[in-house]
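Participant: using only what follows, build the 3D model:
(2 chains)
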Protein chains: 2
Amino acid sequence: MIHFPALFLDPVRCKKNIKKMAAKAQRNNLEFRPHFKTHQSLEVGQWFKDVGVSKITVSSLKMATYFAQEWDDITVAFPTNILEIETINVLASKIHLNLCVENIEVLLFLEKYLESPVGVFMKIDIGYNRTGVDSDDDSLIQGLLSQMSGIPFINFKGFLGHAGHSYRCRSKEAVEAVHQKSKEKIIQLKTKYKAQYPNLILSLGDTPSCSVSEDFEGIDEIRPGNFVFYDLTQNIIGSNELDAIAVAMACPIVAKHPKRNELVIYGGGVHFSKDRLEDPKDGVIFGRVAEKNNLVWGSCLPDAFLKSLSQEHGIVSVPAEKMNAYKIGDFLWVLPVHSCMAADLMNELYTPKGGVISMM
Amino acid sequence: MIHFPALFLDPVRCKKNIKKMAAKAQRNNLEFRPHFKTHQSLEVGQWFKDVGVSKITVSSLKMATYFAQEWDDITVAFPTNILEIETINVLASKIHLNLCVENIEVLLFLEKYLESPVGVFMKIDIGYNRTGVDSDDDSLIQGLLSQMSGIPFINFKGFLGHAGHSYRCRSKEAVEAVHQKSKEKIIQLKTKYKAQYPNLILSLGDTPSCSVSEDFEGIDEIRPGNFVFYDLTQNIIGSNELDAIAVAMACPIVAKHPKRNELVIYGGGVHFSKDRLEDPKDGVIFGRVAEKNNLVWGSCLPDAFLKSLSQEHGIVSVPAEKMNAYKIGDFLWVLPVHSCMAADLMNELYTPKGGVISMM
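Facilitator: As a prediction, the model looks like this:
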């Protein structure tokens, strides 16, 4: 029995999300290399094996070390941190490890200190402007390729991009437009370099584009992660319906303030993270309330939302006529704004039937 | 040797912050019951014992359980979560445990299930409007007092308020004004009830008011927490100078983008939290860069700041002329926007001389 904020996972919704994305990858002839930073769980990882997935993506070497217990082909989709060379060498000696590189400094370092073969993706900036080589910076791209070709332990795998700017979209049409532009940017590199590197892989991977689009012509691999759980942010972008959200935080109600139509829950920034969502109707929100169902949560309620978070407190705005339905000592189901961050903060996932799934 | 984002604590600055606040409490005849939710560490707690502190505040029963290893007078400054009655009974049988109560439901529950004596503070809303009984809701206050007086295991301790709205201030004068108004609201309750409860305690406790004000006339106890580390938010409120900030995150530089004058660091939302600060000059920021010093960080740089965070990435804006000073593989020192949240995300604190301090 749970007595404090707990993140619940609905395996039915989660497996449905996994199957749907795996089917999309298959019908588009794409390698499906899901990002595991969202669930961070070997057990959830098994559900991907069940649909034939054999290669994964992670965002840190720590996560790669954890998943290397059961997976032997892992891409670390983060600029290589040369300070972790020991971990890189340990992993590279055990599994097929792919790193991301975007500068000469890192290649020079790897040339000197690598002890086993690694695959290397060149990180390309396809419009997000967070990190990666500009897709039209021919001289840097050519320089990196030349440098790599002289390093025996480095096997150039291809170009990897992340259209993170799709998170700013608020409609399927806008996501599709971002996806098409990002795709063009990375495809031009294949056109340029496929003669020289006939096996080069183009890898894309944001959840919005992978959820919304059906056009992956020219792309070889997708790496979405968040879709495994989805969340309110993805919903407002257009990636998923609310009933595809596979996680919800169960939070004890500890106080009621009928004058303000507010509930106080045990569930704060240390559980949800302080990630926020600008909602067109309710302003900045930190979560939304879902109906109580039998063993799991039900529909998302249109008028009840998490309006603010302190370290341990959450303040929930509830319609006046519903205040009486909530009792001190009950659990309130809250759908998270950002499931990756909420999952990272929690140590395990609870399932409605009483199971506990451990995370990294 | 550290290879990944690590939160460093400067014991010199930290002990100075502790001594300063302890001295202020002493010269104002206040019980100093510091909030330990910021550092969450028995070892840092010892530095409070060194200045004579014997009573503490925490924000969860989990934290109370951790600190009960070494402290025997603990207030849980959070509305009592009745679902955790077992933990309450375990703690109440071992230490002086104080709970916060603001509704009849919880008192009725405690009456039925409490097995050992506890102290109870009535949580009063002194203007923050987050939680607590309205300070002018005489009938509810009277009702709660009557209810408590009939419960043998409950020892009414006094009224507890938190002026969290001081966090919206941006000057010492504004903080002082909030403090005076909050103080008035809670003092009127002492005036009303001291004949009936001659030993009742008035407890206040936000870091801004406790840092800025020298007027605690009528108050018995203070419970500040964040001051132990301070941070950029407290600085912009007016609580501390930048050189009082006692923690900084050391983050490996993993990429550089000279066209945008940006560095990419390994250090994201899972390290800093997504807490943000609206800076009058730089807009929304997530941290500020400090100079590199010998063993510790130096001054805060005026023009370098953390402009965005993903799960593991941080993007740092740096003046053009400084870009060459930063090398891939170096550590960047980043002062956090909110030290409580950053500390909660990390498992240990590193000290400049190579020590490691464990946290809850």
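Participant: what does the stretch 1-150 of chain A have sitting close to chain B?
Facilitator: A:2-4, A:37, A:59-60, A:62, A:78-84, A:86-87, A:102-103, A:105-106, A:109, A:129-131, A:134 (Cβ under 8 Å from any Cβ of the partner chain). Bear in mind the C-beta positions are built from the backbone N, C-alpha and C, glycine included.
Participant: buried subset of these, written for PyMOL?
Facilitator: Buried subset of these, written as a PyMOL selection, criterion 16 or more other Cβ atoms under 10 Å in any protein chain shown:
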select buried, chain A and resi 3+4+37+59+60+78+79+80+81+82+83+84+87+102+103+105+106+109+130+131+134
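Participant: just the residues of the stretch 1-150 of chain A next to chain B: which are in strands?
Facilitator: Among the residues of the stretch 1-150 of chain A next to chain B, the members found in strands (DSSP state E) are A:78-79, A:134.
Participant: now the longest helix that chain A contains, how far from the chain's geometric center?
Facilitator: Looking across chain A with DSSP state H, the single longest helix is helix A:172-193. Computed by Cα atoms, centre = their mean, to the nearest Å, the chain-centroid distance of helix A:172-193 equals 20 Å.
Participant: quick one: the helix or strand just after it to chain centroid distance?
Facilitator: Per DSSP states H and E, the first helix or strand lying C-terminal to helix A:172-193 is strand A:201-204. Computed by Cα atoms, centre = their mean, the chain-centroid distance of strand A:201-204 equals 17 Å.
Participant: and strand A:201-204, what other elements does it pack with?
Facilitator: Where contact means 3 or more Cβ pairs under 8 Å, 6 or more residues apart in numbering or on different chains; DSSP states H and E, strand A:201-204 is packed against strand A:154-161, helix A:172-193, strand A:221-222.
Participant: and that strand, which strands flank it?
Facilitator: If you go by DSSP bridges, strand A:201-204 pairs up with strand A:154-161 (parallel), strand A:221-222 (parallel).
Participant: out of those, which gets nearest to residue A:95?
Facilitator: Proximity to residue A:95 (Cβ to Cβ) singles out strand A:154-161 among these, at 13.8 Å.
Participant: which other residues reach the closest one?
Facilitator: Contacts to strand A:154-161, defined as Cβ atoms under 8 Å, 6 or more residues apart in numbering or on different chains, come from residues A:75, A:77, A:98, A:100, A:107, A:110-111, A:114, A:117-126, A:132, A:135, A:145, A:148-149, A:182, A:185-186, A:189-190, A:197, A:199-205, A:220, A:223.
Participant: OK, contacts around residue A:203?
Facilitator: For residue A:203, the contact set (Cβ under 8 Å, 6+ apart) comprises A:33, A:75, A:121, A:158-161, A:219-223.
Participant: quick one: pLDDT of it?
Facilitator: Model confidence at residue A:203, given as pLDDT, is 98.
Participant: low-confidence ranges, the stretch 1-150 of chain A, go.
Facilitator: Scanning the stretch 1-150 of chain A for pLDDT under 70 picks out nothing.
Participant: ok, now with 90
Facilitator: Across the stretch 1-150 of chain A, the ranges flagged by pLDDT under 90 are A:1.
Participant: what's the answer for the stretch 151-300 of chain A, then?
Facilitator: Filtered on pLDDT under 90, the stretch 151-300 of chain A yields the residue ranges A:293-296.
Participant: can you list the residues of it near chain B?
Facilitator: Going by Cβ under 8 Å from any Cβ, the residues of the stretch 151-300 of chain A near chain B are A:164, A:252, A:254-257, A:259-260, A:264, A:266, A:269-270, A:273-276.
Participant: and stretch A:113-127, how far apart are its ends?
Facilitator: For stretch A:113-127, the first-to-last residue distance is 32 Å (Cα to Cα, to the nearest Å).
Participant: including mean neighbour count, could the strands paired with strand A:201-204 go into a markdown table?
Facilitator: As requested, the strands paired with strand A:201-204 are exported to a markdown table (neighbours: other Cβ atoms under 10 Å in any protein chain shown):
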| stretch | mean neighbour count |
| --- | --- |
| strand A:154-161 | 23 |
| strand A:221-222 | 24 |
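Participant: mind listing the helices for chain A?
Facilitator: A:11-27, A:42-49, A:61-67, A:85-94, A:104-113, A:138-149, A:172-193, A:207-212, A:232-237, A:269-272, A:339-345.
Participant: can you list these in a markdown table and add distance to residue B:327?
Facilitator: Below are the helices of chain A laid out as a markdown table (distance: least, Cβ to Cβ, whole Å):
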| stretch | distance to residue B:327 |
| --- | --- |
| helix A:11-27 | 39 |
| helix A:42-49 | 36 |
| helix A:61-67 | 20 |
| helix A:85-94 | 16 |
| helix A:104-113 | 8 |
| helix A:138-149 | 18 |
| helix A:172-193 | 28 |
| helix A:207-212 | 34 |
| helix A:232-237 | 35 |
| helix A:269-272 | 34 |
| helix A:339-345 | 29 |
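Participant: domain assignment for chain A?
Facilitator: As assigned by automatic domain parsing, chain A contains the domains A:11-228, A:242-358.
Participant: kindly reformat these as JSON lines containing distance to residue B:239.
Facilitator: Shown next, in JSON lines, are the domains of chain A (distance: least, Cβ to Cβ, whole Å):
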{"stretch": "domain A:11-228", "distance to residue B:239": "33"}
{"stretch": "domain A:242-358", "distance to residue B:239": "17"}
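Participant: residue farthest from the centroid of chain A?
Facilitator: Relative to the centre of chain A, and counting by Cα atoms, centre = their mean, the farthest-placed residue is residue A:259 at 39.2 Å.
Participant: got a list of what the closest residue to that residue other than its chain neighbours touches?
Facilitator: Of all residues not flanking residue A:259 in the chain, residue B:134 sits nearest, at 7.6 Å (Cβ to Cβ, 6 or more residues apart in numbering or on different chains). Applying Cβ under 8 Å, 6+ apart to residue B:134 gives the contacts A:259, B:125, B:140.
Participant: tell me the one of those nearest residue B:313?
Facilitator: The closest of the contacts of residue B:134, once distances to residue B:313 are taken by Cβ to Cβ, is residue B:125, at 39.7 Å.
Participant: for that closest one, which non-adjacent residue is spatially closest?
Facilitator: Among residues not flanking residue B:125 along the chain, residue B:132 sits closest, at 3.7 Å (Cβ to Cβ, 6+ apart).
Participant: go on, residue A:225?
Facilitator: Of all residues not flanking residue A:225 in the chain, residue A:35 sits nearest, at 2.8 Å (Cβ to Cβ, 6+ apart).
Participant: I'd say that neighbour and residue A:57 touch.
Facilitator: Yes. Under the criterion of Cβ atoms under 8 Å, residue A:35 makes contact with residue A:57 at 4.2 Å.
Participant: in stretch A:161-179, which of the residues would be classed as buried?
Facilitator: For stretch A:161-179, a neighbour-count test (16+ other Cβ under 10 Å) marks A:161-167, A:169, A:174-176, A:178-179 as buried.
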